[in-house]
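[1] fold the following and give me the result.
(one chain, ligands or ions: 1)
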Amino acid sequence: MAEPSNRRRPRSVLITGASRGLGLASAAYLHRQGWHVVAAMRTPDAGLARLREATGAAPDDPRLTAVRLDLDDAASITDAARATEKAVGSPDAVVHNAAFMVAGCVEETPLSVWRQVLSTNVLGPVQLTQELLPAMRAAGHGRIVVVSSAAGVRGMPTTSAYSASKGALERWAEALAQEIAPFGLGVTVLVPGAFDTGLDKTVTYADPAGPYGELHAALARAGERILRSVSPPEDFPPGLARALRDRAPFARRPVGGDARLLLAGRGLLPDRIFRALLGSAIGLPRPGSLRT
Ligand SMILES: NC(=O)c1ccc[n+]([C@@H]2O[C@H](COP(=O)([O-])OP(=O)(O)OC[C@H]3O[C@@H](n4cnc5c(N)ncnc54)[C@H](OP(=O)(O)O)[C@@H]3O)[C@@H](O)[C@H]2O)c1
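    Numbers count the residues shown, from 1 in each chain. Model (predicted):
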């Protein structure tokens, strides 16, 4: 049975996708800040070695625990939740960071791939949350952070499945926050801007020679512009650390100037104008221009 969290212990955080990218940078940063980090990864041996290198932690460091987690595998999720509770009791924070991104329009992306994206990015985090909530409710405190995306704020063309998953992630996080606030638990949605990680090296179903070729070319040009101002992964964790200090039952936070601008624009502008501005920033082909 899960132990209630004990305030004299270091604060504990479970981070998914800690093997690389923003998850690795966050795990290393929070470890340096004194947290007990439970780093959830598909390949813990390789990932833990990278984490030790990033933190300088000794092999027997009691504040660094790796657990195996494949969000596409229900048994692995149950095992990861139990291993987390064994290591830290009820975690003080859970960061749903891992995600799988594929490029492709709705029509181009096979339904089996849609299922895989929704399983990894939505249903996996939902199951992991279900598994951890009994202990977190009993502890009476804890923060759940879900890492969304600009694509969760507004569906992005040519990454339809990923956009759908991030939108769903945000909606269940909002619903969850209202369900668990009476137990003393809170939820933060983090919206990162563009960071230089492996996320852009995606699996792609985009067909440059197909009917959406012009759209893909426009998005590729926009991607090149974004890459010029992309931030290093190490700029992300301070934003996550601020989210972990949130006390409100629900919060949504941008991380990075581009994400701040996006959320401000969505809040201030009428939807029609917001969409038109984003469309022109991306360089989308004009409505009707691809009719054959
Ligand atoms: N980078 C950006 O510009 C950006 C922008 C907006 C939002 N985000 C969000 O930030 C988060 C981190 O992104 P990132 O840029 O760090 O991506 P990344 O470098 O591609 O890393 C993705 C992580 O997710 C893990 N993962 C993928 N499928 C998994 C599965 N089935 N089970 C468990 N773990 C799985 C990967 O593990 P393996 O090493 O085993 O593959 C990896 O650790 C994601 O939620 C992403 O949507 C990133």
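
[2] so which bits of this protein are right by the ligand?
    16-17, 19-23, 42-43, 69-72, 97-100, 120, 147, 149, 192, 194-195, 197-199 (C-beta under 6 Å from any ligand atom). To be clear about C-beta, it is placed using only N, CA and C from the backbone, and glycine gets the same treatment.

[3] show the buried residues in those residues.
    Burial by neighbour count, 16 or more other C-beta atoms under 10 Å: within the residues of the chain next to the ligand this picks out 16-17, 19-23, 42, 69-71, 97-100, 120, 147, 149, 192, 194-195, 197, 199.

[4] before we move on, back to that, among the residues of the chain next to the ligand, which ones are in helices?
    In this view, the residues of the chain next to the ligand that belong to helices under DSSP state H are Gly21, Leu22, Gly23.

[5] could I get these as TSV with pLDDT?
    Output for those, formatted as TSV (pLDDT from 0 to 100):
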residue	pLDDT
Gly21	97
Leu22	98
Gly23	98
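
[6] out of these, which one sits closest to Arg221?
    Distance to Arg221, by C-beta to C-beta, is smallest for Gly21 among those, at 24.1 Å.

[7] which parts of the stretch 1-150 of the chain are helices?
    For the stretch 1-150 of the chain, applying DSSP state H, counting those that start in this stretch gives helices covering 21-32, 44-55, 74-88, 111-118, 124-139, 150-153.

[8] the stretch 151-292 of the chain now?
    160-180, 213-228, 237-244, 257-268, 271-282.

[9] which of the ones you listed sits closest to Arg63?
    Of all the helices of the stretch 151-292 of the chain, it is helix 237-244 that lies closest to Arg63, at 15.4 Å by C-beta to C-beta.

[10] counting contacts, what elements does that closest one pack onto?
    helix 21-32, strand 142-147, strand 185-192, strand 250-255 (3 or more C-beta pairs under 8 Å, 6 or more residues apart in numbering; DSSP states H and E).

[11] can you tell me the closest non-neighbouring residue to Arg260?
    Sequence neighbours aside, Pro254 is the residue nearest to Arg260 in space, at 4.3 Å (criterion: C-beta to C-beta, 6 or more residues apart in numbering).

[12] bridging residues for the one you found?
    Residues in a beta bridge with Pro254, per DSSP bridges, are Val191.

[13] how many residues are close by it?
    21 (other C-beta atoms under 10 Å).

[14] that one reaches Arg266, doesn't it?
    No: using C-beta atoms under 8 Å, Pro254 is not in contact with Arg266, being 10.3 Å away.

[15] quick check: of the ones in helices among the residues of the chain next to the ligand, which lies closest to the ligand?
    Closest approach between these and the ligand, by C-beta to the nearest ligand atom: Gly21, at 2.2 Å.

[16] phi and psi next, for the closest residue to that closest one other than its chain neighbours.
    Spatially, and ignoring its direct neighbours in sequence, Gly21 is nearest to Thr197 (3.5 Å; C-beta to C-beta, 6+ apart). Reported as degrees, to the nearest 10, the phi and psi values for Thr197 are phi -130, psi -170.

[17] wait, Thr197 sits on Arg20?
    Yes: with contact defined as C-beta under 8 Å, Thr197 counts as touching Arg20 (7.1 Å).

[18] just grab the bridge partners of Met41 for me.
    Residues in beta-bridge contact with Met41 (DSSP bridges): Arg68.

[19] measure how buried Pro44 is and give me the count.
    19.

[20] tell me the contacts of it?
    Going by C-beta atoms under 8 Å, 6 or more residues apart in numbering, Pro44 touches Ala66, Val67, Arg68.

[21] cool, Gln116 as well?
    Taking C-beta under 8 Å, 6+ apart, we find Gln116 in contact with Asp72, Phe100.

[22] switch the cut-off to 10 Å
    By C-beta atoms under 10 Å, 6 or more residues apart in numbering, the contact list for Gln116 reads Asp72, Phe100, Val102, Pro110, Ala161, Val203.

[23] next, count neighbours for the closest residue to Pro249 other than its chain neighbours.
    Spatial nearest neighbour of Pro249, excluding adjacent residues (C-beta to C-beta, 6+ apart): Ala181 at 3.6 Å. Ala181 has 14 neighbours, counted by other C-beta under 10 Å.
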